[in-house]
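> Just a sequence and a predicted model for now, questions to come.
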Amino acid sequence: MDLRSLRYFVETVRLNSFTQAAESLHVTQSTISKMVKQLELEVGAQLLLREGRKLTLTDTGQVVYARGVEMLATMRQLAVEVHDTQTVERGHLTVGIPPMINLLFTPVLKAFRQRHPNITLTLQEDAGQAIERQVAHGELEIGMTVLPADPALGLQSSPIASYPVWALAAQGTFQQNRATLKLKALANTPLVLLKDDFAMTRTLRSAFAAAGFEPVIAAQSSQWDWLVAMASAGMGVALLPEPFIHRLAIGHLDKVKLTDPELLWQPAHVWRGNYLSHAARAWLDLCDELLSAPAVRE
């Protein structure tokens, strides 16, 4: 099976568009169409049904796409491993990272570039769930997410740190000098949360359900600093991991740590399989050295 035509087919299905696949692969649309047709002739069956601009996989197409993703990921991994046998201190490493986690990594970036000046390091920002899928498909060698990662993807994971979740609200919301707050105390309190595609919000919703109540959600946002602004304005209680409480909680705000249960925000590295390049191992080693999953603070 021709790998190039398979790659063109997989990209067409992934983007659900011949035009976008052509742009992504820097070829003409007619080239994409020709390669997909060639793959269909080679397989001996139609793979795609075209209904206007909509593309639908046939039964055979579904099998070829699923196995094609695996084959292309294997070929990318082969290229990485072959290259890795030829160099130790040179190369390129792309690390997938959710936008807010990157606030924790400034010292790691600086140290990595100082210690490994011949390794080109690129950070590729995306949501944690998207990064998990990219790693599982072999599009990224290593990435970061917030635990728990999707178990269906079969990824290896290593926690980077573990931080408690705190409640943040306008001054006077909580009892004076209070240091902790039981989760059930939030049962009837308006909350401002991150959007549901954030791992932390999924964790919170599970905790609310386990505690036996449905949260009152005043607003949701994808921006941590906007949650703090809404909490400061008295719209509701924001629930944030400890590092962002200290970074973003400026001014007259009440801050208390959640307990019973204590909820943890755990950023982690994820990767596919057991092999990692020298560049990726150098990155992991440095993260362990500088961040080293600190114990939960009291």
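That came through fine.
> When you work out contacts or count neighbours from here on, use the C-alpha atoms and nothing else.
OK.
> Downstream of the helix or strand hosting Arg67, the next helix or strand is which one?
According to DSSP states H and E, Arg67 maps onto helix 59-84. Per DSSP H and E, the first helix or strand lying C-terminal to helix 59-84 is strand 91-97.
> just checking, what packs against the following helix or strand past that next one?
As assigned by DSSP H and E, the chain's next helix or strand after strand 91-97 is helix 106-115. Applying 3 or more CA pairs under 8 Å, 6 or more residues apart in numbering; DSSP states H and E, one finds that helix 106-115 makes contact with helix 278-290.
> Would you mind pulling up the elements that the helix it packs on packs against?
Helix 278-290 packs on strand 91-97, helix 106-115, going by 3+ CA pairs under 8 Å, 6+ apart.
> between the helix holding Arg67 and helix 278-290, how many degrees?
If you take axes from the mean of the first three to the mean of the last three CA atoms, to 10 degrees, helix 59-84 sits at 80 degrees to helix 278-290.
> tell me which residues in helix 59-84 are buried?
Of the residues in helix 59-84, 61, 64-65, 68-69, 71-73, 76-77, 80, 84 count as buried by neighbour count, 16 or more other CA atoms under 10 Å.
> which regions of the stretch 1-150 of the chain lie under the pLDDT threshold?
Flagging of the stretch 1-150 of the chain using pLDDT under 70 yields the residue ranges 81, 83-90.
> Let me know the closest of the buried residues of helix 59-84 to Gly273.
Closest approach to Gly273 among those (CA to CA): Gln77, at 9.9 Å.
> The closest one against Glu139, yeah?
No. Applying CA atoms under 8 Å, one finds Gln77 not in contact with Glu139, separated by 9.3 Å.
> Please report how far the residue nearest the centre of the chain lies from Pro99.
The centroid of the chain falls nearest to Gly128 when counting by CA atoms, centre = their mean (1.4 Å). The gap separating Gly128 from Pro99 is 9 Å, by CA to CA, to the nearest Å.
> For burial, what's the neighbour tally of Leu253?
By other CA atoms under 10 Å, the residues close to Leu253 number 18.
> before we move on, back to that, quickly list what's touching both of Gly128 and Pro99.
Common neighbours of Gly128 and Pro99 (criterion: CA atoms under 8 Å, 6 or more residues apart in numbering): none identified.
> the strands in the protein, which residues?
Secondary structure of the chain (DSSP state E): strands at 48-51, 54-57, 91-97, 119-125, 142-146, 156-159, 163-170, 180-182, 190-194, 216-221, 237-241, 253-259, 264-265, 267-271.
> hmm, who's touching the first one?
Taking CA under 8 Å, 6+ apart as the criterion, the residues outside strand 48-51 that touch it are 55-58, 61.
> what does the third one give?
Contacts of strand 91-97 from elsewhere in the structure, counted by CA under 8 Å, 6+ apart, are 118-128, 131, 140-145, 279-280.
> from those, which would you call buried?
Of the contacts of strand 91-97, these count as buried by 16+ other CA under 10 Å: 119, 121, 125-128, 131, 140-145, 279-280.
> got the buried residues for stretch 99-108?
For stretch 99-108, the neighbour count (16+ other CA under 10 Å) marks 101, 108 as buried.
> ignore the last one, stretch 5-20
By 16+ other CA under 10 Å, the buried positions in stretch 5-20 come out as 5-13, 16-19.
> quick one on the thing from earlier: and of the strands of the chain, who's closest to Arg247?
strand 237-241 (10.4 Å).
> tell me the mean pLDDT for the closest one?
Taken as a whole, strand 237-241 has a mean pLDDT of 91.
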